[in-house]
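Colleague: here's a sequence, model it:
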Amino acid sequence: MSEPEALARLARQKGQRIELVWERVQLQLTPTPAGLLERGRLDGFDLRLTVTEASPLSLASSLARGDKPKVRIEGDVQLAAEINWLIDHVRWDAEEDLARLIGDVAAHTLAKTARKALEALRGFVARRPGADLRRGSAA
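Modeller: This is a model prediction of the structure:
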């Protein structure tokens, strides 16, 4: 809600049906007139994004490096472009949102722990055979 441009872009897509798929997990979302995403069970889709990486470790490694996972796109090209813009430009401040729910100190502690876990995951990925340590990515 702290990103007015993102809200405006999503509001223009109100009512569109977006389905995110990875293996057997499906998440169905629709933008609301307020520019938020609402979860629900939808019939069909206007845009389906299917993550093609089957390995949870490879997917986690890719995300830990800050890379976008490989995705098969079906459906509305304009809606796909808007979702891509959101992914590229909107950053979620999880610590700030958590602070509203559990308080500043607890949120800071939890976020610090999560950052350490992410650093450990990045270190693990970098030590994998075939890892390119200069760029921090696996070959």
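
Colleague: rest of the way, CA atoms for contacts and neighbours
Modeller: Noted.

Colleague: from K112, how far off is R9?
Modeller: The spacing between R9 and K112, counted by CA to CA, to the nearest Å, is 32 Å.

Colleague: so between the two, which is more surrounded?
Modeller: Neighbour count, other CA atoms under 10 Å: between R9 and K112, R9 has more, with 18 against 13.

Colleague: which ones are touching the more buried one?
Modeller: 35, 82 (CA atoms under 8 Å, 6 or more residues apart in numbering).

Colleague: my read is that V90 contacts P4, right?
Modeller: No. Assessed by CA atoms under 8 Å, V90 is found out of contact with P4, at 10.3 Å.

Colleague: ok, now how distant is the closest residue in space to L37 that isn't next to it in sequence from P56?
Modeller: In this structure, L37 finds its nearest non-sequential neighbour in P31, 4.5 Å apart by CA to CA, 6 or more residues apart in numbering. To P56, P31 is 28 Å away according to CA to CA.
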